[in-house]
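Asks: predicted structure and sequence below. I'll ask about it afterward.
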Amino acid sequence: MTGGGSGIGLAVAHRLGADGFGLIISGRRAEACKAAVEELRAAGCIAVAAPGDVGDPEDARRLAEQAIARFGRIDVLVNNAGIGDTGAVLEETLESWERVMRTNLTGAFLVTQAALPALIEHRGCVISISSVNGYRPGPGWAAYSTSKAGLIMLARTIASDYGPQGVRANCICPGWIRTPMGDADMDEVAESQDTDREGAYRLTHRDNPMRRPGEPEEVASVVSFLAGPDAAYVNGVTLAVDGGTSIVDPTAVSRFRT
């Protein structure tokens, strides 16, 4: 599990731990990984902290090695590490572009590459957390949206190339989820719109059919399904977990808004 120290990653870790999986929790913030592991162990899960930078090939290799050393196998890899620092193309710097790509896309490639031999051996699966912005670009989010689109295609190539060897790869695309990252974005919206965080969530979800953001546990439940035997024939899928935001025609919804 990459990016497992908070938010969606931590919720996924709790769910998979409850499902009986042993967990390796990775992230760049060592203290967050340690706190997450303590929380998971208190909930009865088997968890080990493995802080590191997924964009570093050596850290990615060590993460796979730690999982095998501790559990003897890798059954599920969850690529969740991600950052959102980005801008429109004319505002984007090469440094910022490469930083986003390194974490969001290259990191997933490196960790998957390191884990694939073990996944092939045990017919495991890869679940990558992309975003609805992987196919619907956010305003001024050039690097972020591009990296998330690449993550979708990475999952599809893994599904195609390694499906014959028993490996499944799928991608989940959340919309706005109540996480520390989501709250920080809502605080920016709130400041610009003269409201508070909850007002910002309401404003950004006025055209969402469910009229609310998602919760991390709602993403975690989908990961649980994809990781389990009931999804044994689900491969190469891109699944939105966004309350229906991505199906709405933005040119028409204002006529029917309630």
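Replies: Here it is on my side, so go on.
Asks: now stretch 93-109: buried residues?
Replies: 96-97, 99-109 (16 or more other C-beta atoms under 10 Å). From N, CA and C alone the C-beta is placed, and that goes for glycine too.
Asks: so what touches it?
Replies: With C-beta atoms under 8 Å, 6 or more residues apart in numbering as the test, stretch 93-109 has contacts from 2, 53-55, 60, 79, 81-87, 128, 142-144, 146-148, 150-151, 154.
Asks: span of it from start to end?
Replies: Start-to-end span of stretch 93-109 (C-alpha to C-alpha, to the nearest Å) is 23 Å.
Asks: off-centre distance for it?
Replies: Centroid separation for stretch 93-109 versus its chain: 15 Å, with C-alpha atoms, centre = their mean, to the nearest Å.
Asks: now it: average pLDDT?
Replies: Regarding stretch 93-109, the rounded mean pLDDT is 96.
Asks: equivalent analysis for stretch 67-81, please.
Replies: Stretch 67-81 comes out at a mean pLDDT of 97.
Asks: ok, now stretch 128-147?
Replies: For stretch 128-147, the mean confidence score works out to 94.
Asks: repeat for stretch 168-181
Replies: For stretch 168-181, the per-residue pLDDT averages 95.
Asks: quick one: buried residues of that stretch?
Replies: 168-179, 181.
Asks: so which of these are in strands?
Replies: 168-174 (DSSP state E).
Asks: any chance of the residues you listed in CSV with distance to Val223 as columns?
Replies: Shown next, in CSV, are these (distance: C-beta to C-beta, whole Å):
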residue, distance to Val223
Arg168, 13
Ala169, 13
Asn170, 9
Cys171, 11
Ile172, 7
Cys173, 12
Pro174, 11
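Asks: still on that earlier bit, could you find which two of the buried residues of stretch 168-181 are furthest from each other?
Replies: Arg168 and Arg178 (28.6 Å; C-beta to C-beta).
Asks: among the contacts of stretch 93-109, which ones are buried?
Replies: Buried members of the contacts of stretch 93-109, counted by 16+ other C-beta under 10 Å: 2, 53-55, 60, 79, 81-84, 86, 128, 142-144, 146-148, 150-151, 154.
Asks: one step back: quick one: which of the ones in strands among the buried residues of stretch 168-181 is nearest Leu226?
Replies: Asn170 (5.1 Å).
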